[in-house]
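Enquirer: got a predicted structure here, sequence first:
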Amino acid sequence: MIEIVTSWEEFREKWMGGERRQNFLLKGEMFPFRFEAPPLEAVVDAVRRHKDTRILHGHPDQLNLNQPYDGYVDLPIEEAIAAKANVAHFESREFAGPGQVLEGLNETFDAWYDLLASHGFTHAKGQRAFFYSGANCGSAYHFDSSYVLVCQVVGRKRFCWLKDPDRWCPPATLNEQADYYNLMRRPDGIMPEDVIECEMEPGDVLWNVMLTPHWVYALDEPTYSFNLTHFDLRCDGVKSPIHEFYDEMSRGRMAAAA
Ligand SMILES: [Fe+2]
């Protein structure tokens with residue numbers, strides 16, 4: 001069962017509601033914005049040529065084994081779109097200036113951050129990442145150390161997380177793997193009944209709670225989203241219980257390393 005939050009009152013309640021690592025969708029007044037996506041080919045073509053873009057093979061059955069996709073930039077664009085690849089750029093503002101392929105995107109996301117601020121939330125400057133996947137390509141299992149707003153723009157994908165993250169990703173695991181994305185491994189033994197799968201369509205917006213292990217795969221069409229980070233997010237100056245837990249764990253790790 002995927003929860004849907006439709007008011008800021010609910011959002012604030014969830015914010016302070018203990019250490020529950022469950023994602024939810026935002027609808028209605030929570031995200032009343034829409035970005036009109038330019039043609040997929042034009043976007044992928046612009047992003048794939050940027051020096052900071054990360055391009056990996058998107059093997060759907062080997063979620064932890066994604067390797068660099070050499071030569072992707074030189075493929076004819078139709079072949080590139082048909083290829084099994086994951087293309088990521090961690091700052092979509094690079095493509096959102098006047099006359100650029102994602103023109104208008106900055107205004108949409110500025111409006112989100114303004115709305116968040118008008119409801120008492122502050123945060124450090126965040127990334128506005130672009131994530132593209134070819135049909136049926138997947139991303140690796142991981143958790144993020146900030147809250148992430150996932151805006152699905154083109155195509156459909158499945159965003160998956162665990163019903164019981166404490167069972168599969170207890171504090172000891174969080175502590176071991178925090179800050180080391182390449183160390184994160186999907187635990188063996190996860191069965192379909194342990195997983196929540198959220199099928200996202202264009203226009204859907206998901207709030208990914210920090211430290212919630214997740215993985216994502218495209219359905220049978222190419223897809224992209226924008227994922228916005230919110231480091232040091234606070235409501236009325238206060239961090240969430242999950243955030244406090246994470247900070248305490250990080251302090252312990254630093255003390256142990258000193
Ligand atoms: Fe993530």
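Expert: On my side now, so go ahead. Computed from a predicted model, the values in this text were never measured in an experiment.
Enquirer: so what strands line up beside the helix or strand where Asn86 lies?
Expert: Here Asn86, judged by DSSP states H and E, is contained in strand 85-89. On the basis of DSSP bridges, the sheet neighbours of strand 85-89 come out as strand 54-57 (antiparallel), strand 128-133 (antiparallel).
Enquirer: turn these into JSON lines, including mean neighbour count.
Expert: (Each C-beta comes from the backbone N, C-alpha and C, glycine too.) Listed next are those as JSON lines, based on neighbours: other C-beta atoms under 10 Å:
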{"stretch": "strand 54-57", "mean neighbour count": "18"}
{"stretch": "strand 128-133", "mean neighbour count": "24"}
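Enquirer: dump those strands to JSON lines, plus mean pLDDT.
Expert: Compiled in JSON lines, the strands paired with strand 85-89 are given as follows (pLDDT from 0 to 100):
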{"stretch": "strand 54-57", "mean pLDDT": "93"}
{"stretch": "strand 128-133", "mean pLDDT": "96"}
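Enquirer: Gln152: which of the ones you listed is closest?
Expert: strand 128-133 (10.0 Å; C-beta to C-beta).
Enquirer: please enumerate residues in contact with the closest one?
Expert: The contact list for strand 128-133 (C-beta atoms under 8 Å, 6 or more residues apart in numbering) reads 43-44, 47, 58, 85-93, 95, 105, 109, 139, 157, 216-218, 222-229.
Enquirer: inside helices: which ones of those?
Expert: Using DSSP state H, the subset of the contacts of strand 128-133 located in helices is Val43, Val44, Val47, Leu105, Phe109.
Enquirer: now the second one, nearest residue through space, not along the chain?
Expert: The shortest distance from Val44 to any residue that is not its chain neighbour, by C-beta to C-beta, 6 or more residues apart in numbering, is 5.8 Å, and that residue is Tyr132.
Enquirer: could you export the strands paired with strand 85-89 as JSON lines, including distance to Val101?
Expert: Converted to JSON lines, the strands paired with strand 85-89 look like this (distance: least, C-beta to C-beta, whole Å):
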{"stretch": "strand 54-57", "distance to Val101": "17"}
{"stretch": "strand 128-133", "distance to Val101": "11"}
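Enquirer: for Arg34, find the nearest of the ones you listed.
Expert: strand 128-133 (16.1 Å).
Enquirer: just to revisit the earlier point, now list the buried members of the contacts of strand 128-133.
Expert: 43-44, 47, 58, 85-89, 92, 95, 105, 109, 139, 157, 216-218, 222-229 (16 or more other C-beta atoms under 10 Å).
Enquirer: just to revisit the earlier point, I'd like the ones in helices among the contacts of strand 128-133 as a markdown table, with pLDDT and distance to Ile81 appended.
Expert: Formatted as a markdown table, the ones in helices among the contacts of strand 128-133 follow (pLDDT from 0 to 100; distance: C-beta to C-beta, whole Å):
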| residue | pLDDT | distance to Ile81 |
| --- | --- | --- |
| Val43 | 98 | 10 |
| Val44 | 98 | 6 |
| Val47 | 98 | 12 |
| Leu105 | 96 | 20 |
| Phe109 | 95 | 25 |
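Enquirer: how much space between the nearest residue to Tyr72 once chain neighbours are set aside and Gly71?
Expert: Spatial nearest neighbour of Tyr72, chain neighbours left out: Ile55 (4.7 Å); criterion: C-beta to C-beta, 6+ apart. Using C-beta to C-beta, to the nearest Å, one gets 9 Å for the distance from Ile55 to Gly71.
Enquirer: circling back: what's the farthest-apart pair in the ones in helices among the contacts of strand 128-133?
Expert: Val44 and Phe109 (19.7 Å).
Enquirer: which residues touch Trp215?
Expert: By C-beta under 8 Å, 6+ apart, the neighbours of Trp215 are Leu63, Gly138, Ser139, Ala140, Tyr141, His142, Cys160, Arg186.
Enquirer: cool, Gln67 as well?
Expert: Residues near Gln67 by C-beta under 8 Å, 6+ apart: Leu56, His57.
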